[in-house]
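> Got a sequence here, can you build the structure:
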Amino acid sequence: MNTTLDVWSLLATTLHIEEKMGRVRTERYGARVIDIDILFLRTW
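Reported below is the predicted structural model:
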């Protein structure tokens, strides 16, 4: 998948999606409703 978002906008977008899907960050390595990971990001 490709995006035109810069690094910080991409991070903000993924955090927003996680929040909208019910993720609440209470415990650092606790159980999660959803967790979005970026596997590869080329910035050039």
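> Next, give phi and psi for the spatially most central residue of the chain.
Nearest to the mean C-alpha position of the chain, by Cα atoms, centre = their mean, lies T14 at 3.0 Å. The phi/psi pair for T14 (degrees, to the nearest 10) reads phi -70, psi -40.
> what's the pLDDT at it?
At T14, the model reports a pLDDT of 92.
> Pull the contacting residues for it.
Residues in contact with T14 (Cβ atoms under 8 Å, 6 or more residues apart in numbering) are I36, I38. Heads up, the C-betas are built off the backbone N, CA and C, glycines and all.
> Mind doing that once more with 7 Å?
Counting by Cβ atoms under 7 Å, 6 or more residues apart in numbering, T14 touches I36.
> Numbering from 55 from now on, please.
Fine by me, first position is 55 from now on; the one you just mentioned is T68.
> which residues does I90 contact?
Applying Cβ under 7 Å, 6+ apart, the residues near I90 are T68, I71, E72.
> quick one: the first one from K74, how far?
Read it as T68. Distance, T68 to K74, by Cβ to Cβ, to the nearest Å: 11 Å.
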